[in-house]
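Novice: Provided below are the primary sequence and the corresponding predicted coordinates.
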Amino acid sequence: MSEGRVVGIDLGTTNSLVAYMQGDTPVVIPGVDGSNLVPSVVALDPVPADGSRPTVTVGNTARKSLIQHPERAIYSVKRLMGRGVSEVQAELKFFPFRLADDVDATNLNEVPRIQLGEMRFTPPEISAYILRQLKRNAERFFGAPVTQAVITVPAYFNDAQRQATKDAGRMAGLEVLRLVNEPTAAALAYGLDRKKEGVIAVYDLGGGTFDISILKLKDGIFEVLSTNGDTHLGGDDIDNLLVAIALDEIRTEHNVDLRSHADAVQALRKSAIDAKITLSSKDAASFDMELPNGERYQREIPRAVYEQLIAPVLERTAGPCKQAMADANLEPADISEVVLVGGSTRIPAVQRLVDQLFNLTARGKKPHTELNPDEVVALGAAVQADILAGSAKATEDLLLLDVTPLSLGIEALGGVVAKIIPRNSTIPASATEHFTTGVEGQTNVAIHVLQGEREMAKDCRSLARFDLKGIPPMSAGLPRIEVKFLIDADGILRVTAREQRSGQESQIEVKPTYGLTDEQVESMILDSFDHAEEDFAKRLLIEARLEAETILAAVEKAPKHPAWQLLTDDERLTIDALKSVVQILLAGEDVNALRAGTVSLDQATRRFAELMMEDAVSSAIRGKTMDAAGDELGKEINAPHPMAAAEFK
Amino acid sequence: MAPFKIVQASDTAVPVKCWSCAVAQNESTLFCSTCSKVQPPLRMDYFQVFQLPRILRLDVDVLEKEFYRLSRKLHPDRYARATESEREWSLADTALVNDAYRTLQDPIRRTEYLLKLEGESIGEEHSGKVSNSRASRVPSDLLEEVFELNMQLDELREGDASLRSDVEAAGQKFEAMLDELDSKLEAEWARWDEGDATARSTAQKQMVALLDRRRYLDNLLRDVKKVLGA
């Protein structure tokens, strides 16, 4: 059993974050670039000249590719998690997802595969790359391996979406100790102060998902009373509206169909996001972009027009809020606090809607926005991680009691759904049903498990369809098969079945699947290095060697550079001596000595690097030289080269 | 389909020892009274989970307190890094506690559950693959009114708005019936909780009949609300 740190991860549609508990305060762990947010963008670099496997980049680095090489990058992949090919068709109209074309048309639940350049990835694999980046950021920060995590998911995620998220964690080399619902995590971050009591509503409008959760806080227990939402509603939809209007206007006014220019659409999308952000604080925003035909598309959007435009999107959050209150048997007056989560809650029109839904101003209340709405979910995940680690004083009295967002049912005669675990049941939850045969000697019974609120099976999400096989042949109606449905603390279903009458108790366990089998997930594990500690040590050695080799290569070339002549003899001698030391250490296996040697060599060459840069600036070819230096320094995001640091000082 | 049979307490309430500290447990319990560790799941009914007699009038605030106390001891969050068996037991025990709390917290579900324990077959709309037809049968004294209401509902669905007030009035009438029924049910709860064996057996039969009627009225009102809301 590993006793390392457990981190909390917010795997978001737009941005992802990793956080941990520093004493009794949750803190976000920044990436190498110093930023707390890792954009949930994954890109495939061009294939290297030697034909080896191209590198996958994540975050800000990948975001650059999005405009330069849109066909090699993907964003908002969360929208595809746990969904079959047939379910994602609607998304394709608005998102530049390129699905692999060899889809098996007969299998509607087939997991979509996304084409990035020459390669294809399933949504969990793309998410795994994001998770791996967060894991590495945390490992860098702690200087120790991180193998266990809590990952947040939208409260309204169904079984398949949750399973896909858990699989992504496994592919990234993380043991997912718990999936936590995002609004619940936010409530934890806010309610860390155990004196807080009462009923709170968490309104979470993120990049791609909307959740509303109502919780009762009492004696350190966070009991979710009800939850509702829409897993396909968020800031993305507002961006899409703005983009669609601009595309239309560009076509009618400038006679250009931008849809065929992926890069231009991405640029337009970026302008739309900028406009959206501006409109949260200013009365107007404008589009201004050059079109492929040389004309300019210029457009001003007044706040009033914008708010009218997005009203239908925002209005879609009202229904779930009312339903959640009804399910919890509460009126707006019973809600003592409202917490706003997700970047989209910065929009003033959203805040007005929330005010109206929960009757806040009239009751002299204001929604809570004290914690950064982009970070609060990750902070809450860190709190939950600390609870699970079980060793900390700060969280020992806290306990989260969450619910299942959707009713679980089985298909009964006539295609009707018989509900066996109602929505908003506290999880873990279970139900036992008994089945029998209808025909003499029948040895199979088919069971169809569904999730959703609709009455007919065809309108609900099918979770699993399985046959209970090998029932001993008996008269019709005699076998008695006990089937137990159990929703675990992650909101994921397990089914076990037992035949009781035949005396030979046989038990089977069925795990619903959204399309990827355990074996497939196993084969997609990104990096076996990430597994064990000895592998971690190996990776550290490999990284240390890479760093050493890169600086040695740079030092090797140094005498050819004019700046070399500006160094004193002493400086040159020190560099040469350290160079030999590092060369010797490179042959050995002592990571710490090698790192120390590399650091010394870096310090010794710092003045040289400065001189080199001054020279570059003075000869006004800064960009070129810097680029050239960058090539030598390597691109590994985890190993910023010592010389690179010196250069930018 | 046979109803869900619960194994009686006497079948399983054998003295057990804690797997961890070996102290004997004096009653069926989900966690050790000495070392607090989670114990393998037992077949308990929901009243036993909360160490309650089979009574129908419960103080839900007390129930909640006990629910929180049990959750703190048993929840999987407390065993995230424990052995695999402890994690499995914690999952099973917590599911049992949650199922029990969900059922006992709601007076109607609580009554239905108790009646099932007492061997009554309570008509869920569908139980597994076979539906219980008794629940959907129209109570004889309501036959005429229900027939008329269903006609009005059909016409309203087809767009004849003039019947709206009639349907609303019918809805109110059935709502009042439901209230009256609930007070009758409460009287039976008292009879069950306080009466002797004979009184209990009468109360049991009464409650089965009242619940059947209640389920019927409930479904009817749901239809009315759906049509009026649309």
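Specialist: Yep, it's here. Keep in mind that this is a model prediction, so the values were computed, not measured.
Novice: all strands of the stretch 351-500 of chain A, in order?
Specialist: Counting by DSSP state E, counting those that start in this stretch, the stretch 351-500 of chain A has strands at residues A:399-401, A:408-411, A:417-421, A:429-435, A:445-451, A:461-468, A:481-487, A:493-499.
Novice: can you redo those strands as a markdown table with mean neighbour count, mean pLDDT and distance to A:Gly191?
Specialist: For the C-beta atoms, the positions are set from N, CA and C on the backbone; glycine is no exception. Shown next, in a markdown table, are the strands of the stretch 351-500 of chain A (neighbours: other Cβ atoms under 10 Å in any protein chain shown; pLDDT from 0 to 100; distance: least, Cβ to Cβ, whole Å):
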| stretch | mean neighbour count | mean pLDDT | distance to A:Gly191 |
| --- | --- | --- | --- |
| strand A:399-401 | 22 | 94 | 10 |
| strand A:408-411 | 25 | 90 | 29 |
| strand A:417-421 | 21 | 88 | 27 |
| strand A:429-435 | 21 | 88 | 23 |
| strand A:445-451 | 20 | 85 | 29 |
| strand A:461-468 | 18 | 81 | 32 |
| strand A:481-487 | 21 | 87 | 24 |
| strand A:493-499 | 19 | 82 | 29 |
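Novice: Among those strands, which comes closest to B:Leu70?
Specialist: Across those, B:Leu70 has its closest neighbour in strand A:399-401 (11.0 Å, Cβ to Cβ).
Novice: now check that closest one, is it near chain B?
Specialist: Yes - remark: strand A:399-401 sits within contact range of chain B at A:399-401, by Cβ under 8 Å from any Cβ of the partner chain.
Novice: Nearest to A:Lys469 among these?
Specialist: Nearest to A:Lys469 among the residues of strand A:399-401 next to chain B, with distances taken as Cβ to Cβ, is A:Leu401, at 37.0 Å.
Novice: Enumerate every residue touching the closest one.
Specialist: Contact analysis of A:Leu401 by Cβ atoms under 8 Å, 6 or more residues apart in numbering or on different chains lists A:221-224, A:426, B:71, B:75.
Novice: from the residues you listed, which two are the most distant?
Specialist: Distance extremes for these: the farthest pair is A:Val224 and B:His75 at 13.3 Å, using Cβ to Cβ.
Novice: Run a quick neighbour tally on residue 186.
Specialist: As the question left the chain open, I've gone with chain A. By other Cβ atoms under 10 Å in any protein chain shown, the residues close to A:Ala186 number 34.
Novice: my question was about chain B
Specialist: B:Glu186, neighbours per other Cβ under 10 Å, totals 13.
Novice: Check the gap between it and chain A for me.
Specialist: 19 Å (Cβ to the nearest Cβ, to the nearest Å).
Novice: Check which helix or strand that residue maps to.
Specialist: helix B:164-194 (DSSP states H and E).
Novice: Mind listing what's buried along the helix or strand following that helix?
Specialist: Following helix B:164-194 in sequence order, the next helix or strand is helix B:197-229 (DSSP H and E). For helix B:197-229, a neighbour-count test (16 or more other Cβ atoms under 10 Å in any protein chain shown) marks B:200, B:203-204, B:206-208, B:210-217, B:220-221, B:223-224, B:227 as buried.
Novice: Show which residue of chain A lies farthest from the average position.
Specialist: Most distant from the centre of chain A: A:Asp569, at 52.9 Å, with distances by Cα atoms, centre = their mean.
Novice: Same check on chain B?
Specialist: Largest centre distance within chain B, by Cα atoms, centre = their mean: B:Ser162, 39.5 Å.
Novice: Spit out the contact partners of A:Val150.
Specialist: A:Val150 neighbours (Cβ under 8 Å, 6+ apart): A:6-9, A:176-180, A:381-382, A:384-385, A:388.
Novice: rewinding a little: show only the entries of the contacts of A:Leu401 found in helices.
Specialist: B:Ser71 (DSSP state H).
Novice: And the contacts of A:Leu401, which of them are buried?
Specialist: Here, 16+ other Cβ under 10 Å leaves A:221-224, A:426, B:71, B:75 buried among these.
Novice: So what does A:Val146 have for phi and psi?
Specialist: phi -120, psi 120 (degrees, to the nearest 10).
Novice: residues contacting it?
Specialist: Contacts of A:Val146 (Cβ under 8 Å, 6+ apart): A:4-5, A:7, A:135, A:138-139, A:174.
Novice: Quickly note the distance from the spatially closest residue to A:Leu92 that is not a sequence neighbour to A:Thr165.
Specialist: Nearest residue to A:Leu92 in three dimensions, chain neighbours excluded: A:Leu99, at 7.3 Å (Cβ to Cβ, 6 or more residues apart in numbering or on different chains). The gap separating A:Leu99 from A:Thr165 is 20 Å, by Cβ to Cβ, to the nearest Å.
Novice: swap in A:Gln148?
Specialist: 15 Å.
Novice: Just want to know which of the two has more residues nearby.
Specialist: The neighbour comparison of A:Gln148 against A:Thr165 (other Cβ under 10 Å) goes to A:Thr165, with 27 against 23.
Novice: so the more buried one touches A:Ile151, yeah?
Specialist: Yes - here A:Thr165 reaches A:Ile151: they are 6.0 Å apart, a contact under Cβ atoms under 8 Å.
Novice: which neighbours do these two share?
Specialist: Common neighbours of A:Thr165 and A:Ile151, using Cβ under 8 Å, 6+ apart, are A:11, A:176, A:179.
Novice: Those residues in strands, which ones?
Specialist: A:11, A:176, A:179 (DSSP state E).
Novice: can you count the residues close to the first one?
Specialist: One way to gauge burial is a neighbour count; for A:Leu11, by other Cβ under 10 Å, it gives 30.
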